[in-house]
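>>> Just the structure for this:
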Amino acid sequence: MNETVIEVSIAAVPSVLWPALRDPSLIRRWFGWDYDGLDDEITQIYGTAVEDPDAHTLELGNGDLFSLIDHGGRTVVRMTRPPQLPDDEWYEDVTEGWTTFLHFLKFGVEHHGLAERRTIFLDGPLLPGESAASILGLESVPEEAGGRYNATLAPGDYAEGVVDYVSALQTGVTIEDLGPGLLVVASKPTVPYRAQQEVQIILATYDLSADEFDEIEHHWKQWWDGRSHQE
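Presented below is the predicted three-dimensional model:
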C-alpha cells in the first residue's frame, strides 16, 4: 500500500506560510468552513501536532504530515498521508478534504493575504442524472485551470471568473464579485457506507459586508432547501 500525497504550489516563502499551520486564528481562514465547532476541531487536530519549525514540517496525530518546501521563492505545500488501513472507511473523504483545504490556503494567501473569509457549506445527495457540475450550472466551465468562465449559477447568481483548479472529484472556480471568492464543488468518494452519490459545496467570500453576506447565504440555502425537498 502506498502513501497519498497532495500538493499545491503557493506564491510565498515557507516562513510566511508556517504561521498558517500553527496559529488557530489563521488556520480557520483556510481549513474547514464556518460552523460552531470549528475552533474545537482545529484545537483537536492541530493542538497535539508535532512540529519542526526549522524544517517546516508538522505531523498530525493520525500520521498526516505537512511539509513546506522552498521552491525558488514559492512554496510547495505537501500533505503526505500514511497508507490506508483496512478499517479506515473515512480515508478517501479525508483525502478529498485536504485537497479542498490546501487549495483554499493557496487561494487565500495569493488573492487576499490570508484575510478573514466567510463561508457557505452545503452537502447532500445528487438527484438521478445530476453531476456535481450540473447541480450548480457549471457544465460548460473549462476543464483546465486558468480558463475563464461565466455562468448563471443555480441559486440565481451570475458569476464570472477563472477555473482555479480541477481534480478527479473537485472543481474550484473564482467568483469575481465575491472578493474574489472561491467556489468548490466536489463529488464525494464512492465508498461502501455511502448509499448514493453525494455532492459537497463550499463557497468562500471575502470583503463583503454582513448584510451582503447574509443575503447571499439566505438565497443559497433557500435554493438548497427547496432542491432537497425534491429528493
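>>> which intervals of this structure have sub-threshold pLDDT?
1, 228-231 (pLDDT under 70).
>>> Report the secondary structure element holding the residue nearest the centre of it.
With distances taken as C-alpha atoms, centre = their mean, the chain has T100 as the residue nearest its mean C-alpha position (2.9 Å). Taking DSSP states H and E as the criterion, T100 maps to helix 91-112.
>>> what do you get for I6?
Element membership for I6, per DSSP H and E: strand 4-10.
>>> in its sheet, what does that strand sit against?
Looking at strand 4-10 with DSSP bridges, its partner strands are strand 74-81 (antiparallel).
>>> Next, the angle helix 91-112 makes with the strand it pairs with.
Relative orientation of strand 74-81 and helix 91-112, computed by axes from the mean of the first three to the mean of the last three C-alpha atoms, to 10 degrees: 160 degrees.
>>> quick one: strand 74-81 to chain centroid distance?
Distance of strand 74-81 from the chain centroid (C-alpha atoms, centre = their mean, to the nearest Å) equals 15 Å.
>>> Which residue ranges of this structure form helices?
Counting by DSSP state H, the chain has these helices, from start to end: 14-17, 19-22, 24-27, 38-46, 91-112, 210-228.
>>> got a list of contacts for the third one?
Residues lying outside helix 24-27 but in contact with it, judged by C-beta atoms under 8 Å, 6 or more residues apart in numbering, are P19, A20, L21, D39, I42, T43, Y46, L114. In this view, the C-beta of every residue, glycine as well, is placed from N, C-alpha and C.
>>> Isn't the third one up against D52?
No. The pair L21 and D52 does not pass the contact test of C-beta atoms under 8 Å, sitting 11.4 Å apart.
>>> So the two - more neighbours on which side?
L21 (21 against 10; other C-beta atoms under 10 Å).
>>> can you count the residues close to the nearest residue to E110 once chain neighbours are set aside?
Leaving aside its chain neighbours, E110 sits nearest to A11 (5.3 Å; criterion: C-beta to C-beta, 6 or more residues apart in numbering). Burial of A11 is recorded as 11 neighbouring residues (other C-beta under 10 Å).
>>> List the residues that are in contact with both of L21 and D52.
Both L21 and D52 are in contact with L58, where contact means C-beta under 8 Å, 6+ apart.
>>> Kindly report the domain assignment for the protein.
Taking automatic domain parsing as the domain assignment, the ranges for the chain are 1-113, 117-231.
>>> who touches W98 in this structure?
Contacts of W98 (C-beta under 8 Å, 6+ apart): I6, D64, M79, R81.
>>> I'd like these as CSV, with neighbour count appended.
CSV is the format used below for these (neighbours: other C-beta atoms under 10 Å):
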residue, neighbour count
I6, 20
D64, 19
M79, 20
R81, 19
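>>> Could you work out the most separated pair of the residues you listed?
Pairwise distances among these were taken by C-beta to C-beta; the largest, 9.6 Å, belongs to I6 and D64.
>>> Give the intersection of the neighbour lists for these two.
Common neighbours of I6 and D64, counting by C-beta under 8 Å, 6+ apart, are M79, R81, W98.
>>> could these go into JSON lines alongside distance to D34?
Listed next are the shared contacts of I6 and D64 as JSON lines, based on distance: C-beta to C-beta, whole Å:
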{"residue": "M79", "distance to D34": "22"}
{"residue": "R81", "distance to D34": "25"}
{"residue": "W98", "distance to D34": "19"}
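>>> between those residues, which is closest to L169?
Ranked by distance to L169 (C-beta to C-beta), the shared contacts of I6 and D64 are led by W98 at 12.5 Å.
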